[in-house]
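A.B. asks: need coordinates for the following:
(one chain, ligands or ions: 2)
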Amino acid sequence: MSFACGFIGLPNSGKSTIFNALTSLAVPCQPYPFCTIDPNVGVVPVPDRRLFRLAGLLKPEKVVETTIQFADIAGLIKDAHKGEGLGNRFLAHIRNVDATAHVIRAFTAGQVPHVYEDIDPARDMDIVETEIIISDLEIVEDRIKKIERLAKISKDKGEAEMELLLRVKGYLDSGRFVRMEDFDEADSGIIRSFDLITTKPLFYIANVDEDALSEVPVPKIEDAARERSREVVYICGKLEQDLSVLPEDERASFMELYGMEEFSIEKIIHVGYRILDLITFYTIVGKVMRAWTIPRGTPCVRAAGRIHPAMEKGFNRAEGSNIEDFIACGSEHAAREKGLLRLEGKEYMVEDGDILHIRFNV
Ligand SMILES: Nc1nc2c(ncn2[C@@H]2O[C@H](COP(=O)(O)OP(=O)(O)OP(=O)(O)O)[C@@H](O)[C@H]2O)c(=O)[nH]1
Ligand SMILES: [Mg+2]
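C.D. replies: Numbers count the residues shown, from 1 in each chain. Ligands and ions are numbered 1, 2, ... in the order given. The predicted model follows:
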């Protein structure tokens, strides 16, 4: 699994439309069955142009992309924490994602009412994110109360955890997301166990009108996002939906017509990988070519463990090459001749685009 992304946003912002389009859109090269874990959770293969180029060259029997998981939940409105709309309980379904995509209503379509009547991205950002902050605050406060109760009856006063909870509460009380960079690794691990949404990176998906797609970026949205130090991906949910039901051979001309250079899922992947600092490496084992996602800065031995625990345990060394170099050479033989295959040890930090052949003892 590469990463999991949860959708939040106002009702009628287009979350389900985008979710449906993304999870039913087959990859450009071949159809791939995505599995639905739950009605609102979908796992989709990541379209990876480098992988497809390599596959075109080596023609393996099987190509396995890395995957991305999307979770779509009901819309939030102001005072959802007090039970307005559908309340905020369903946020529990996205507490374990890696990043949150806040879908912003930027399309006008008169027949689809906006819960707050006019298009105002900054206001909508504040309303929804305030509800997220309050929901996390409820969790932190419950935890604080629990520790206080336990402290009365047990020797363990939970002081270390309490101190962390109070620090986290400080951000939320002042209406901010939690800045994880301010915590060391050990504390971050404990904070992560609280399953707070405000500790995860958030980016915006601006759902724009189809004729506005050629006019992006939209200054009003860019400014609001910049003020909040967040990135924006522009998508037209409606177009995306039309695209997802087209036969594969018609997609390219449809995309050209609307000036779409890449699939929306690719835009989301780029932003997601950048904000989470993820990279992709590749393996070719027997007849199977495969892409893997890992955090940047992962040593080779741990990357091997992603493939199989036995490979980590018995790691010997890895033969590595860069996928672009490999493609440029045309074959493994030519890459070897040119001295582009290198031997790497346990501690080698895997780089984006590495093709790794792990040697291990069983
Ligand atoms: N014109 C236009 N309509 C859209 C677009 N995206 C979604 N819609 C329409 O907006 C309506 C609401 O879309 P949904 O995807 O159900 O919105 P949602 O955010 O999932 O809403 P909730 O589930 O109620 O929170 C539907 O009628 C969609 O067809 C778009 O890009 N353009
Ligand atoms: Mg919906």
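A.B. asks: and the helices in the stretch 251-362 of the chain?
C.D. replies: Along the stretch 251-362 of the chain, counting by DSSP state H, counting those that start in this stretch, helices occupy 264-276, 300-307, 309-313, 323-329, 332-337.
A.B. asks: correction: the previous question concerned the stretch 1-150 of the chain.
C.D. replies: Using DSSP H, counting those that start in this stretch, helices in the stretch 1-150 of the chain cover 15-24, 49-58, 121-153.
A.B. asks: just put the helices of the stretch 251-362 of the chain in CSV and tack on mean neighbour count, mean pLDDT and distance to ligand 1.
C.D. replies: All C-beta atoms are positioned from the backbone trio N, CA, C, and that covers glycine. Formatted as CSV, the helices of the stretch 251-362 of the chain follow (neighbours: other Cβ atoms under 10 Å; pLDDT from 0 to 100; distance: least, Cβ to the nearest ligand atom, whole Å):
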stretch, mean neighbour count, mean pLDDT, distance to ligand 1
helix 264-276, 19, 91, 11
helix 300-307, 20, 96, 34
helix 309-313, 15, 95, 40
helix 323-329, 17, 94, 35
helix 332-337, 14, 88, 45
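A.B. asks: mind putting these into JSON lines with distance to ligand 2?
C.D. replies: Listed next are those as JSON lines, based on distance: least, Cβ to the ion, whole Å:
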{"stretch": "helix 264-276", "distance to ligand 2": "17"}
{"stretch": "helix 300-307", "distance to ligand 2": "33"}
{"stretch": "helix 309-313", "distance to ligand 2": "39"}
{"stretch": "helix 323-329", "distance to ligand 2": "38"}
{"stretch": "helix 332-337", "distance to ligand 2": "47"}
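A.B. asks: got the ones you listed as JSON lines, with distance to residue 104 columns?
C.D. replies: Shown next, in JSON lines, are the helices of the stretch 251-362 of the chain (distance: least, Cβ to Cβ, whole Å):
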{"stretch": "helix 264-276", "distance to residue 104": "14"}
{"stretch": "helix 300-307", "distance to residue 104": "34"}
{"stretch": "helix 309-313", "distance to residue 104": "42"}
{"stretch": "helix 323-329", "distance to residue 104": "35"}
{"stretch": "helix 332-337", "distance to residue 104": "45"}
